[in-house]
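Asks: my questions are about this predicted structure, shown below with the sequence.
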Amino acid sequence: MMSDSLVIIPTYNERENIESIVRTVFQLKKQFHILVVDDSSPDGTTDIVRALQKEYKEQLFLEVRAGKKGLGTAYIHGFQWALSRNYAYVIEMDADFSHNPEDLPRLYHACKVEGADVSVGSRYSVGVNVVNWPMHRVLLSYFASKYVRMITGIPIHDTTAGFVCWKREVLEKIKLDHVKFVGYAFQIEMKYKAWKHGFNIKEVSVIFTDRTKGESKMSGSIVSEAFFGVIKMRINGLPR
């Protein structure tokens with residue numbers, strides 16, 4: 001079954017969520033393909049995906065990487081996989097339902113119909129739309145995006161968002177092999193480069209709901225990479 005759109009879902013120990021998220025995406029009226037990029041999860045995530053592939057032939061794909069290499073490199077792997085095929089739109093999405101699959105058609109529509117080159121599922125473009133996060137984490141995320149906007153000048157409210165639709169042309173323009181960051185700073189860097197190239201970035205307001213199953217992958221090193229990485233980006237610039 002053909003589709004012009006690929007949803008990339010990076011996974012590490014997501015056996016509790018992966019089947020449900022895959023089935024929910026495939027139940028949408030708009031037809032998407034899914035690529036799961038798994039970092040050799042020891043919990044059997046890949047076994048579940050392989051079983052689902054028998055049901056969703058030519059719609060569900062799996063790439064397994066050796067070892068835990070980080071979110072950013074998982075997406076880069078997925079982007080390169082997509083560019084080697086004929087997808088016109090490539091979407092980043094978490095496996096844990098923090099990103100609502102029902103919003104996928106809205107992100108797609110923003111690029112396909114409304115003229116955006118990049119559409120961002122934004123928690124902060126209209127108020128603060130976060131559910132189930134403790135207040136300290138809401139504040140950390142909200143002010144991190146404010147901080148990034150202040151340092152870089154990028155005109156986006158949710159600079160750290162990980163729910164993003166990219167037109168193929170944007171990914172082809174950005175030199176993916178030159179992307180430096182692997183954690184949440186990866187999200188900032190990709191948007192920054194797209195903006196620097198003059199691409200049109202549109203925010204689509206979404207409600208972010210924290211995971212109810214499985215464990216968060218957030219760590220102190222990820223936060224510090226984002227904090228100091230933004231300063232380096234601003235001072236040094238980045239190869240685009």
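Replies: Cool, got the structure. Residues are numbered from 1 along each chain as shown.

Asks: in this structure, which spans are helices?
Replies: Assigned by DSSP state H, the chain shows helices spanning 18-26, 45-55, 71-83, 104-112, 135-152, 168-173, 185-196, 220-236.

Asks: which of the ones you listed is buried the deepest?
Replies: helix 185-196 (a mean of 23; mean count of other C-beta atoms under 10 Å). For the C-beta atoms, the positions are set from N, CA and C on the backbone; glycine is no exception.

Asks: can I get that helix in CSV, CA atoms only?
Replies: Output of helix 185-196 as CSV, limited to C-alpha atoms (Å, rounded to 0.1, in the frame of the first residue of the first chain):
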residue,chain,number,x,y,z
ALA,A,185,19.5,19.5,21.4
PHE,A,186,19.1,17.6,18.2
GLN,A,187,15.5,18.9,17.9
ILE,A,188,16.8,22.5,18.4
GLU,A,189,19.6,22.1,15.9
MET,A,190,17.4,20.6,13.2
LYS,A,191,14.9,23.5,13.5
TYR,A,192,17.7,26.1,13.6
LYS,A,193,19.2,24.8,10.4
ALA,A,194,15.9,24.7,8.6
TRP,A,195,15.2,28.3,9.7
LYS,A,196,18.7,29.4,8.6
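
Asks: counting contacts, what elements does that helix pack onto?
Replies: helix 71-83, strand 118-122, helix 135-152, strand 164-167, strand 201-205, helix 220-236 (3 or more C-beta pairs under 8 Å, 6 or more residues apart in numbering; DSSP states H and E).

Asks: Thr46 is nearest to which of those?
Replies: Thr46 lies closest, by C-beta to C-beta, to one member of the helices and strands packed on helix 185-196: helix 71-83, at 13.6 Å.

Asks: and the closest one, what does it pack against?
Replies: strand 5-11, strand 33-38, strand 60-64, strand 89-92, helix 168-173, helix 185-196.

Asks: quick check: angle from that helix to strand 33-38?
Replies: Angle of helix 71-83 versus strand 33-38, following axes from the mean of the first three to the mean of the last three C-alpha atoms, to 10 degrees, is 140 degrees.

Asks: how about TSV for the helices of the chain, with distance to Glu92 and mean pLDDT added?
Replies: Output for the helices of the chain, formatted as TSV (distance: least, C-beta to C-beta, whole Å; pLDDT from 0 to 100):
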stretch	distance to Glu92	mean pLDDT
helix 18-26	13	98
helix 45-55	18	98
helix 71-83	6	96
helix 104-112	10	98
helix 135-152	16	82
helix 168-173	11	98
helix 185-196	8	92
helix 220-236	16	64
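
Asks: so which of those helices gets nearest Ala161?
Replies: Among the helices of the chain, helix 185-196 sits nearest to Ala161 (C-beta to C-beta), with 6.4 Å.

Asks: contacting residues around that closest one?
Replies: Contacting residues not belonging to helix 185-196 are listed as 70-72, 75, 117-118, 120, 148, 152, 154-156, 159-162, 164, 166, 170, 174, 179-181, 201, 222, 225-226, 229-230, 233, 238, 240 [C-beta atoms under 8 Å, 6 or more residues apart in numbering].

Asks: next, format the helices of the chain as TSV and append distance to Phe97.
Replies: Output for the helices of the chain, formatted as TSV (distance: least, C-beta to C-beta, whole Å):
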stretch	distance to Phe97
helix 18-26	6
helix 45-55	15
helix 71-83	17
helix 104-112	12
helix 135-152	17
helix 168-173	25
helix 185-196	18
helix 220-236	20
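
Asks: okay, the residue positioned nearest the centre of the chain: pLDDT?
Replies: Nearest to the mean C-alpha position of the chain, by C-alpha atoms, centre = their mean, lies Glu92 at 3.1 Å. With respect to pLDDT, Glu92 has a value of 98.

Asks: surely it meets Val120?
Replies: No - under the criterion of C-beta atoms under 8 Å, Glu92 is not in contact with Val120, lying 9.9 Å apart.
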